[in-house]
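need coordinates for the below:
(chains A, B and C)
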Amino acid sequence: MEGNGGNGGRVYVGNLDKSAKRAKQLVMGKLRMGKAVDWATAFSLWPVHLTTSCCGCEFAATWSPRFDAEQHGALPWVGARQTNMILIEGTVTKKMACAVRVTWEQMPSPKFAIAMGACAIDGGIFYNSYNIVRPWEIIPVDVYIPGCPPRPEAVARAIIELQRKIRKQRVASKWIEEGWRPDREYVKPKEDPCSWWRG
Amino acid sequence: MSLDQARRIAEEALSGIEYRVDEGKGFIEFIVAKENLVEAASRLKKAGFDHVKSLTVVDYKAEDKFKIVYHASSYLNEDLAKAIVGIGTEVPRSNPKVPTLVYVWRSVEFQEREVFEFFGIEFEDHPDLRLLLLAPQIAEKKPLRKDFIVKEEPIIRTKPPTG
Amino acid sequence: MSVWVYGEQKSELGLEGTITRKLEEDLYEVFIGPQHPGSGHMRIIIRIDGDIIVEADPDMGYVHRTMEKLSEGREWIKNVPLFERMAIHDACNVTVSYVMALERILGIEPPPRAKYLRTLLCEINRIAAHLYGFGIFGVFIGHSTMYMWSFADREVMVELAEKLTGARLTHSYPIPGGARRDMPQDFPQAARKAVRYFRRRLDEYRKIFLDNPVTRKRLEGVGIIPKKIAAELGVVGPVARASGIKYDARLAEPYDAYDEVEFEVPVYEEGDALARAWVKFEEIKQSLRIIEQAVDWLEKHPREAPIHERFWAKAPPLWKKVFEAEGRVKLLPLMANLKLPPGRAMARSETARGEIVYYVESDGKTTPYRVRIVSPSARNAIVFKYIAPGYKVMDLPTIYGSIDYFPPEADR
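Next up, the predicted model:
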């Protein structure tokens, strides 16, 4: 059902889901706002303050005056609800995996993940340890940074790389169009990472 | 004050209790029976060793025993601070129970909890013997015991999803 | 099954333990962390009555990476980089005592040049780590300027360390019997320049942070640890020294070149958060003094391989050539299969956050039988439980920041 909003505009009334879908179709299809969405998302990345391990030292240095990653359009923020990017700093332990997954689920989409350090790729120096998990088992990762620990320049580079990915592969707009990201879907933890807590 | 003088002070404090001396490089250990542990520890504390630096537990699987040593030293006495003196006991691996020393040295509270989860050693009368670092599923395996073997992961594995 | 007492209530507790806590009436339970700003990765469960903390229960282990177990399966030399990951911004201080324990078992002493080189890097690390602590402290109490300043100035020291060792944070500098590298030719000038810069800069730190009325209101009288309780709880480092305990591992058992250089150990009597900040501030000044003395000594004395002659004699000719050309000691091949005689040793060193103790046991193999690490943060964690109750919720970040708690180090 469509009503006349006056002045040539339109007001959709009725089923909210349906209306939202049509509004989305209008914005993303007819008005071709996809590019703008990607552009805007790429330059407003807000990493959440979840310091999983010792790479946090370089994470903090990345946003310090010398390297100043804020110039690339990313600034760490406190609450998970107000952020759209997670930066895994190094090892994720079994206990921390729960916190990572909960934080990831709290973040609004479109959201992105960067895994920092050799430990986040495949265990690094803590290979064989009985208390670590691989971050890509817990959340879908967009960009990996090698190094132990990676230099702050490498972190800044990863942010730029992520921005390029968002704009080139139209990640954000596709996410909005389709409501989900097909290549991210299968990354669901095989076992509940919070099982130690829930008992 | 050297380690020898600290040793003499500790020996004086422990007189009347049967002990065995285990020497290491940079420290000295007095091993007593389990029943005398609390008494020996409180005498050492009276002698001036006011805090515990390290609660060291070693699993001697071949000899079927745990060696539990409280390495103590002093803050308030600057001379004693130069030495590390350990007081400890040995318990069989099958029945690892020792009396807690929390009421003697409050500084061991968290370290005893740590030993409890890593070795499964129970400290009797500990006020708050819970897990400290590990998740319960892992603590069940008692990871620092020698019969917990670290599983070698294969080098070649399924690749992580590329970004 | 053991009986544990919580409040007046007794309950049976097995391994599932952590969740079988009963919430008392009229008390709110607040979970702080592990996702929070600052050097996070730790949860503190507090129970509050209104605005006052009644009970605090630190829930650690979010960064427990099983170093003690992993070390039992790795060669002696490979454990140096492993243990370094405990506190990578304080790498040399953390590993130097492990290396000292190995040297004690081997029965060797590093040559004086290596001792001074290690001392030099230890002090550079100490300043960098203190500045890191100040920066995080600033984030905790909402003082963004402190974060910006101290992290910017920390880069000066990090660069210096990079010049000396080749790595920003993970230096792996001390090795059994010596150090991995001699200093480059232009290092003394760079070091003196950095020291001059810091002398000038520290005064501004005092003005903007320590003497700032807002900061003082926030820190004064918060988290007071009386001297007797500090000794009872076994706290270490700046926390103990701010409570009037004159204890420093560098004084108690001088290692490396600390018995030859001149320095003072600042001690404050107040025991509150402000005193702890002051101790760290004064320690930076003393570290600058030590850096100057170490650089002077190193410049005066001729260059020689900073490694024990017993190892250096067995080095292949190429190694000696590389040292003459670049001043770099390539890692000796015999280090890879270093076998230690059976024996036990303990060693302690003073890191930025306090004393670290290593217990190393060898049974004559290429890998350790047991390594026990007690890190300063692990010993300071008890402060939360016994000191935080009685203060307001908003004082908890202050206490957290002032004891400079670093979770990867505490959890190992």
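
quick check, the residue in chain B closest to chain A?
At 3.4 Å from chain A, B:Ala135 is the closest residue in chain B, using Cβ to the nearest Cβ. Bear in mind the C-beta positions are built from the backbone N, C-alpha and C, glycine included.

now do the phi/psi pair for that residue.
For B:Ala135, the backbone dihedrals (degrees, to the nearest 10) come out as phi -80, psi 150.

ok, it - contacts?
Applying Cβ atoms under 8 Å, 6 or more residues apart in numbering or on different chains to B:Ala135 gives the contacts A:Lys94, A:Lys95, A:Trp196, A:Trp197, C:Gly61.

setting the sequence-adjacent residues aside, check what's closest to it.
Closest residue to B:Ala135 apart from its sequence neighbours, by Cβ to Cβ, 6 or more residues apart in numbering or on different chains: A:Trp196 at 3.4 Å.

can you pull out the strands in the stretch 101-250 of chain C?
Taking DSSP state E, counting those that start in this stretch as the criterion, the stretch 101-250 of chain C contains strands spanning C:174-175, C:178-179.

of all the ones you listed, which one is nearest chain B?
Chain B lies closest, by Cβ to the nearest Cβ, to one member of the strands of the stretch 101-250 of chain C: strand C:174-175, at 16.7 Å.

what lines up beside that closest one in the sheet?
strand C:178-179 (antiparallel) (DSSP bridges).

which residues does the partner strand contact?
Contacts to strand C:178-179, defined as Cβ under 8 Å, 6+ apart, come from residues C:110-111, C:114, C:117-118, C:121, C:173, C:305-308, C:311, C:329.

mind listing which of the residues you listed are in helices?
Taking DSSP state H as the definition of helices, those contribute C:Ala114, C:Leu117, C:Arg118, C:Leu121, C:Phe311.

pick the one among the residues you listed closest to chain A.
C:Leu121 (16.6 Å).

show me what contacts the closest one?
Contacts of C:Leu121 by Cβ under 8 Å, 6+ apart are C:Cys92, C:Ala161, C:Leu164, C:Thr165, C:His171, C:Tyr173, C:Ala179.

same deal with C:Cys92?
Residues in contact with C:Cys92 (Cβ under 8 Å, 6+ apart) are C:Arg118, C:Leu121, C:Cys122, C:Ile124, C:Asn125, C:His171, C:Tyr173, C:Pro174.

going by neighbour count, which residues of stretch C:265-272 are buried?
Applying a neighbour-count criterion of 16 or more other Cβ atoms under 10 Å in any protein chain shown, one finds C:Pro266, C:Val267, C:Tyr268, C:Glu270, C:Gly271, C:Asp272 buried in stretch C:265-272.

sketch out the low-pLDDT regions of chain A for me.
Along chain A, the parts satisfying pLDDT under 70 run over A:1-13, A:179-188, A:197-199.

kindly state the pLDDT recorded for C:Phe201?
Check again: residue C:201 is Arg, not Phe. With respect to pLDDT, C:Arg201 scores 90.

and the residue of chain A found nearest chain B, how far from A:Lys95?
Proximity of chain A to chain B (Cβ to the nearest Cβ) peaks at A:Trp196, 3.4 Å away. Using Cβ to Cβ, to the nearest Å, one gets 7 Å for the distance from A:Trp196 to A:Lys95.

looking at those two, which is more packed in?
For A:Trp196 versus A:Lys95, the count of surrounding residues by other Cβ atoms under 10 Å in any protein chain shown is larger for A:Lys95: 27 against 21.

list the residues that contact that one.
Applying Cβ under 8 Å, 6+ apart, the residues contacting A:Lys95 are A:Asn131, A:Trp196, B:Leu134, B:Ala135, C:Gly61, C:Tyr62, C:His64.

a markdown table for the buried residues of stretch C:265-272, including distance to chain A, pLDDT and secondary structure?
Shown next, in a markdown table, are these (distance: Cβ to the nearest Cβ, whole Å; pLDDT from 0 to 100; DSSP: H, G, I helix; E, B strand; the rest coil):
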| residue | distance to chain A | pLDDT | secondary structure |
| --- | --- | --- | --- |
| C:Pro266 | 25 | 91 | coil |
| C:Val267 | 29 | 91 | coil |
| C:Tyr268 | 27 | 91 | coil |
| C:Glu270 | 29 | 87 | coil |
| C:Gly271 | 28 | 86 | coil |
| C:Asp272 | 26 | 88 | coil |
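
for those, which two are the farthest from each other?
Farthest pair in the buried residues of stretch C:265-272 (Cβ to Cβ) is C:Pro266 and C:Asp272. Separation: 15.1 Å.

nearest to chain C within chain B, name that residue for me.
Taking Cβ to the nearest Cβ, chain B has B:Ser107 as its residue nearest chain C, at 2.7 Å.

isn't that residue up against B:Phe49?
No: assessed by Cβ atoms under 8 Å, B:Ser107 is found out of contact with B:Phe49, at 11.0 Å.

looking at these two, which is more packed in?
Using other Cβ under 10 Å as the criterion, B:Ser107 and B:Phe49 rank with B:Phe49 on top: 30 against 25.

measure C:Pro111 to chain A for me?
Distance of C:Pro111 to chain A, computed by Cβ to the nearest Cβ, to the nearest Å: 29 Å.

and what of C:Val63?
Using Cβ to the nearest Cβ, we find C:Val63 at a distance of 6 Å from chain A.

ok, that residue - how many residues close by?
Neighbour tally, C:Val63, other Cβ under 10 Å: 31.

would you state the helices of chain B in chain order?
In chain B, the helices defined using DSSP H lie at B:3-13, B:37-46, B:109-119, B:136-139.

repeat for the stretch 201-350 of chain C
Using DSSP state H, counting those that start in this stretch, the helices of the stretch 201-350 of chain C run over residues C:213-219, C:227-233, C:238-241, C:249-252, C:273-300, C:309-312, C:317-326, C:333-336.

helices or strands up against the first one?
In this case it means helix C:213-219. If you count contacts as 3 or more Cβ pairs under 8 Å, 6 or more residues apart in numbering or on different chains; DSSP states H and E, helix C:213-219 packs onto helix C:273-300, helix C:396-402.

is it possible to get TSV of those that adds mean neighbour count and mean pLDDT?
Output for the helices and strands packed on helix C:213-219, formatted as TSV (neighbours: other Cβ atoms under 10 Å in any protein chain shown; pLDDT from 0 to 100):
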stretch	mean neighbour count	mean pLDDT
helix C:273-300	21	91
helix C:396-402	25	87
